[in-house]
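*Asks:* Quick one, what's the 3D model for this:
(chains A and B)
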Amino acid sequence: DTGVSQNPRHKITKRGQNVTFRCDPISEHNRLYWYRQTLGQGPEFLTYFQNEAQLEKSRLLSDRFSAERPKGSFSTLEIQRTEQGDSAMYLCASSLAQQAKNIQYFGAGTRLSVL
Amino acid sequence: EDKVVQSPLSLVVHEGDTVTLNCSYEVTNFRSLLWYKQEKKAPTFLFMLTSSGIEKKSGRLSSILDKKELSSILNITATQTGDSAIYLCAVLHGSSNTGKLIFGQGTTLQVKP
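*Replies:* As a prediction, this is how the structure comes out:
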């Protein structure tokens, strides 16, 4: 499969717990993005990596959120001390910066429910 | 503040109808505009528009960008039930070192048989 893969697809957790999501981008894509989407809204940018470097973070990304891409391949997004307001779909996308179009291709997302 | 606005927010049509979805933007350092289709899974890429007035077509779908009016439309002719989805408009902006997409809130299209 050459698409963007995200795991898990669904996560239910209790308030205050930590959660971690994983994203495997399309092979050889050097850019990786995280977005958050709530019901009835379009995705909102959280952060992005070029290779292993995290180049931009949204102000939406509070200090409870951390993202890594240690070897420039897969990425993880961790949320510490989850709050009910963190309930959302977390989408990952990847692109190849060298391509003129630099089109972002999305994974199916991880749906987080914080009880 | 950069923003992308889509209209209508929702639309119900019957099979065979033609629909036009609108997207307007106010974004600094515009690079391109993208359309995605989102069903109950990953947003799938439809079109990328960079130049004004050049229509992109794929089957029954077409789209065009008007950089003077800061807007784009997505047309779907002869709609089918499989076209039911959320259609997302996004603008890619910033320098070549960034890749952030700014999305509109989406248009939910329902096509009835």
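*Asks:* so who does the closest residue to chain B within chain A touch?
*Replies:* Distances between chain A and chain B by C-beta to the nearest C-beta are smallest at A:Gly42, namely 3.1 Å. Quick note: C-beta positions are derived from backbone N, CA and C, even for glycine. By C-beta atoms under 8 Å, 6 or more residues apart in numbering or on different chains, the contact set of A:Gly42 is B:4, B:6, B:88, B:90, B:103-106.
*Asks:* With A:Arg36 instead?
*Replies:* Contact partners of A:Arg36, counting by C-beta under 8 Å, 6+ apart, are A:43-44, A:46, A:60, A:88-91.
*Asks:* ok, then the element right after the helix or strand of chain A with the lowest mean pLDDT?
*Replies:* Scoring the helices and strands of chain A by mean pLDDT, DSSP states H and E places strand A:53-57 at the bottom, with a mean of 88. Using DSSP states H and E, the helix or strand that directly follows strand A:53-57 along the chain is strand A:65-68.
*Asks:* now the strands: where do they sit in chain B?
*Replies:* Along chain B, counting by DSSP state E, strands occupy B:3-7, B:10-14, B:19-26, B:30-38, B:44-49, B:56-58, B:61-66, B:71-76, B:85-93, B:101-103, B:107-112.
*Asks:* meant to ask about chain A
*Replies:* Taking DSSP E as the criterion, chain A contains strands spanning A:5-7, A:10-13, A:19-24, A:31-37, A:44-50, A:53-57, A:65-68, A:75-79, A:88-95, A:105-106, A:110-114.
*Asks:* Only the buried residues of stretch B:105-113, if you could.
*Replies:* For stretch B:105-113, the neighbour count (16 or more other C-beta atoms under 10 Å in any protein chain shown) marks B:105-109, B:111 as buried.
*Asks:* Over to stretch A:10-25?
*Replies:* For stretch A:10-25, a neighbour-count test (16+ other C-beta under 10 Å) marks A:11, A:13, A:19, A:21, A:23-25 as buried.
*Asks:* So is it next to chain B?
*Replies:* No - Stretch A:10-25 stays clear of chain B (C-beta under 8 Å from any C-beta of the partner chain), getting no nearer than 11.6 Å.
*Asks:* So for that stretch, mean pLDDT?
*Replies:* Averaging pLDDT along stretch A:10-25 yields 97.
*Asks:* what does stretch B:104-113 give?
*Replies:* The pLDDT scores in stretch B:104-113 average 97.
*Asks:* Report the backbone C-alpha coordinates of that stretch in PDB.
*Replies:* C-alpha atoms of stretch B:104-113 as PDB (Å, rounded to 0.1, in the frame of the first residue of the first chain):
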ATOM      1  CA  GLY B 104     -12.500  26.300   4.500                       C
ATOM      2  CA  GLN B 105     -15.300  24.800   6.600                       C
ATOM      3  CA  GLY B 106     -16.400  22.600   3.700                       C
ATOM      4  CA  THR B 107     -19.600  22.100   1.700                       C
ATOM      5  CA  THR B 108     -21.600  19.100   2.500                       C
ATOM      6  CA  LEU B 109     -23.300  17.800  -0.700                       C
ATOM      7  CA  GLN B 110     -26.000  15.200  -0.600                       C
ATOM      8  CA  VAL B 111     -27.200  13.700  -3.800                       C
ATOM      9  CA  LYS B 112     -30.600  12.000  -3.600                       C
ATOM     10  CA  PRO B 113     -31.500   9.200  -6.000                       C
END
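*Asks:* Right, I'll leave it there.
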